[in-house]
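[1] Got a predicted model here, sequence first, then my questions.
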2 protein chains.
Amino acid sequence: MLGKSRAKYIQSLGQKKVRDAEGMFIAEGPKIIDELLASAKSNLQEIYAVNSWIEEHHDECRGIQLTEITEAKLQNISQLTTANQVLAVVKKFETTADIKSKGKVSLVLDTIQDPGNLGTIIRISDWFNIEQIICSKECADMYNPKVVQSTMGSFVRVRLFYTDLLEWLQEQRGIRIYAAALEGRDITTMDKINEGLIIIGNESKGISPDIMKLANVQITIPRKGKAESLNAAAATAVILSHIT
Amino acid sequence: MLGKSRAKYIQSLGQKKVRDAEGMFIAEGPKIIDELLASAKSNLQEIYAVNSWIEEHHDECRGIQLTEITEAKLQNISQLTTANQVLAVVKKFETTADIKSKGKVSLVLDTIQDPGNLGTIIRISDWFNIEQIICSKECADMYNPKVVQSTMGSFVRVRLFYTDLLEWLQEQRGIRIYAAALEGRDITTMDKINEGLIIIGNESKGISPDIMKLANVQITIPRKGKAESLNAAAATAVILSHIT
């Protein structure tokens, strides 16, 4: 049974300030809930699902507060245009203050504001085995329902950190910083890297000048046609595919 | 002066059936209107813009019906959450029934349904100098405002054709058909191609089995991590970057 006040609470998790205050977020749909059950079960606080989903997943959900609801009630608490069988209230992941950048390739995002782009970049990172993403505080919130949705579940495997990017980058000694730009070294002829930071900039403004100054090398995807730029997520995928 | 009935007509172009009946679509924002003025001026039927935009573009718009309107009126006819200075009613581009696939690389889309994905794929094609995209009839409409918007103007340079894909592919003799799949030849070690058709499949179902049977070779982006799949637009960018 889902009471009115609980339904209101769940709906309110669509807002960042409520998510921040409560330390909770919403995840929806069988694919994403499956990923959470497999990799972050202890974060699952409450699951609301239709009968057919519960029949299939009853055993896996042992220990989690599981409530059967109607399609109509599910649609009522859903952030999706069309609700999809199951919705969970999930505890945010723990993040340490200490981000290690040695010995691996990490992605750095300077003001990626579109939730769909951020979610897609998390999914791309998961495909190319990038374990962590360092985000400027101006990036979209990783717990925004649209971000969670567009990661297709990859957000359980990729760690995100939000920090003052300029300050943090200045502290990274002895690690190479690559900045994606419209001009620079051709990524299709570069050697593969196994350590470094790759910065991707804002959808329309690119990387901010202060951050760009900290880069050791600007890298670019050769343009063969006439588009002025590539979408940030597509550019990330191409860069990771060529140099990692 | 923009009358009420004209405003209603412009709003109705948000619907596919009206666009099809009228042979018109909407384009918005300085970037996209600039591209149209530069490459497809004769398609521009009516432009509605705020004073500041008109002052800057008055000369280029000679011969086009140009109407100054307030921000509030522009927002009223806009398909965007926040209207952006200028909106145009544009005549659809002419397409011939005869699609030539010899001597070039073309993209083939099997049921790409998300307008944002289609728009991004058009922009990616423009970046990598792919001149034409053959779409199944189940693909999103290229004149959908969200598609037009996410191409960032690239739709003026890339030609799209909507056709019965199965039938059309069966007619393509002596041209190599590459199908993007989760398993297949590793694109990072393939030779570059300068002729062929590259098929990208639906966001969740991939390429339909009937279409897949017509492929000469399945190609794949090596997965290094754990994501189940890559976003269709990101995959398109990676494939085009490696093999063209």
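    Thanks, I have it. Numbering: from 1, shown residues only, chains lettered A, B, ... in the order given.

[2] Could you give the number of residues near A:Tyr143?
    A:Tyr143 has 21 neighbours, counted by other C-beta atoms under 10 Å in any protein chain shown. In this view, the C-beta of every residue, glycine as well, is placed from N, C-alpha and C.

[3] Show me what the lengthiest strand in chain A packs onto, helices and strands only.
    Longest strand in chain A by number of residues (criterion: DSSP state E): strand A:177-186. Secondary-structure packing of strand A:177-186 (3 or more C-beta pairs under 8 Å, 6 or more residues apart in numbering or on different chains; DSSP states H and E): strand A:196-200, helix A:209-212, strand A:217-220, helix A:232-243.

[4] Could you pull out the buried residues of it?
    For strand A:177-186, the neighbour count (16 or more other C-beta atoms under 10 Å in any protein chain shown) marks A:177-181 as buried.

[5] which residues touch that strand?
    Strand A:177-186 has contacts (C-beta atoms under 8 Å, 6 or more residues apart in numbering or on different chains) with A:108, A:169, A:193, A:196-201, A:206-207, A:211-212, A:214-223, A:229, A:235-236, A:239, A:243.

[6] and if we set it to 7 Å?
    A:169, A:196-201, A:206-207, A:212, A:214-220, A:222, A:229, A:235, A:239 (C-beta atoms under 7 Å, 6 or more residues apart in numbering or on different chains).

[7] Please pick the buried ones from those residues.
    Buried members of the contacts of strand A:177-186, scored by 16+ other C-beta under 10 Å, are A:169, A:196-201, A:206-207, A:212, A:214-215, A:218-220, A:229, A:235, A:239.

[8] out of those, who's near chain B?
    Among the buried ones among the contacts of strand A:177-186, not one lies near chain B by C-beta under 7 Å from any C-beta of the partner chain.

[9] Quickly note the distance from the nearest residue to A:Ala180 once chain neighbours are set aside to B:Tyr9.
    Computed as C-beta to C-beta, 6 or more residues apart in numbering or on different chains, the closest residue to A:Ala180 that is not its neighbour in sequence is A:Ile200, at 5.2 Å. Here A:Ile200 is placed at a distance of 41 Å from B:Tyr9 (C-beta to C-beta, to the nearest Å).

[10] in chain A, which spans are strands?
    A:24-28, A:44-49, A:65-68, A:86-91, A:105-109, A:132-136, A:159-163, A:177-186, A:196-200, A:217-220.

[11] List the strands paired with the longest strand of chain A, with their directions.
    Note on strand A:177-186: by DSSP bridges, its sheet partners are strand A:196-200 (parallel), strand A:217-220 (parallel).

[12] So A:Ile207 is in contact with A:Leu197, correct?
    No - applying C-beta atoms under 7 Å as the test, A:Ile207 and A:Leu197 come out as separate, 12.0 Å apart.

[13] returning to that earlier point: I'd like the strands paired with strand A:177-186 written out as a markdown table, with mean pLDDT added.
    Shown next, in a markdown table, are the strands paired with strand A:177-186 (pLDDT from 0 to 100):
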| stretch | mean pLDDT |
| --- | --- |
| strand A:196-200 | 98 |
| strand A:217-220 | 97 |
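
[14] Distance to B:Leu66 for those - can I get that in CSV?
    Below are the strands paired with strand A:177-186 laid out as CSV (distance: least, C-beta to C-beta, whole Å):
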stretch, distance to B:Leu66
strand A:196-200, 39
strand A:217-220, 38
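
[15] closest one to A:Gly29 among those strands?
    strand A:196-200 (26.8 Å; C-beta to C-beta).

[16] I'd say A:Trp127 and B:Leu230 touch.
    Yes - between A:Trp127 and B:Leu230 there is a contact under C-beta under 7 Å: 5.3 Å.

[17] now chain A, which segments are flagged as low pLDDT?
    Across chain A, the ranges flagged by pLDDT under 70 are A:97.

[18] domains in it, as residue ranges please.
    For chain A, automatic domain parsing gives the domain ranges A:4-91, A:105-243.

[19] Deepest in the core, which of those is it.
    Of all these, domain A:105-243 has the most neighbours on average by mean count of other C-beta atoms under 10 Å in any protein chain shown, namely a mean of 20.

[20] That domain: end-to-end distance?
    End-to-end distance for domain A:105-243, by C-alpha to C-alpha, to the nearest Å: 10 Å.

[21] which one is A:Thr70 nearest to, not counting chain neighbours?
    Setting aside the residues directly before and after it, A:Thr70 is nearest to A:Val50 in space (C-beta to C-beta, 6+ apart), at 7.1 Å.

[22] Could I get the contacting residues of that neighbour?
    Contacts for A:Val50 were tallied using C-beta under 7 Å, 6+ apart; they are A:69, A:71, A:74, A:85.

[23] Enumerate the residues of chain A near chain B.
    So far as C-beta under 7 Å from any C-beta goes, chain A lies against chain B at A:116, A:120, A:123-124, A:126-129, A:152, A:154, A:157, A:188, A:221, A:223-228, A:230-231, A:233-234, A:237-238, A:241-242.

[24] Point out the ones among those that are inside helices.
    If you go by DSSP state H, those have A:116, A:120, A:123-124, A:126-127, A:233-234, A:237-238, A:241-242 in helices.

[25] I figured A:Ser241 was touching B:Ile221, is that so?
    Yes - A:Ser241 is in contact with B:Ile221 according to C-beta under 7 Å; the separation is 6.5 Å.

[26] ok, back up a step: how about TSV for the domains of chain A, with distance to B:Lys137 added?
    Putting the domains of chain A into TSV (distance: least, C-beta to C-beta, whole Å) gives the following:
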stretch	distance to B:Lys137
domain A:4-91	23
domain A:105-243	25
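
[27] okay, the helices and strands packed on strand A:177-186 in TSV with distance to A:Glu138 next?
    Below are those laid out as TSV (distance: least, C-beta to C-beta, whole Å):
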stretch	distance to A:Glu138
strand A:196-200	13
helix A:209-212	11
strand A:217-220	21
helix A:232-243	14
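
[28] Tell me which of the ones you listed sits nearest to A:Val18.
    Closest among these, once you apply C-beta to C-beta, is helix A:232-243, at 27.2 Å.

[29] what is the orientation angle of the closest one with strand A:132-136?
    Using axes from the mean of the first three to the mean of the last three C-alpha atoms, to 10 degrees, the direction of helix A:232-243 lies 140 degrees away from that of strand A:132-136.
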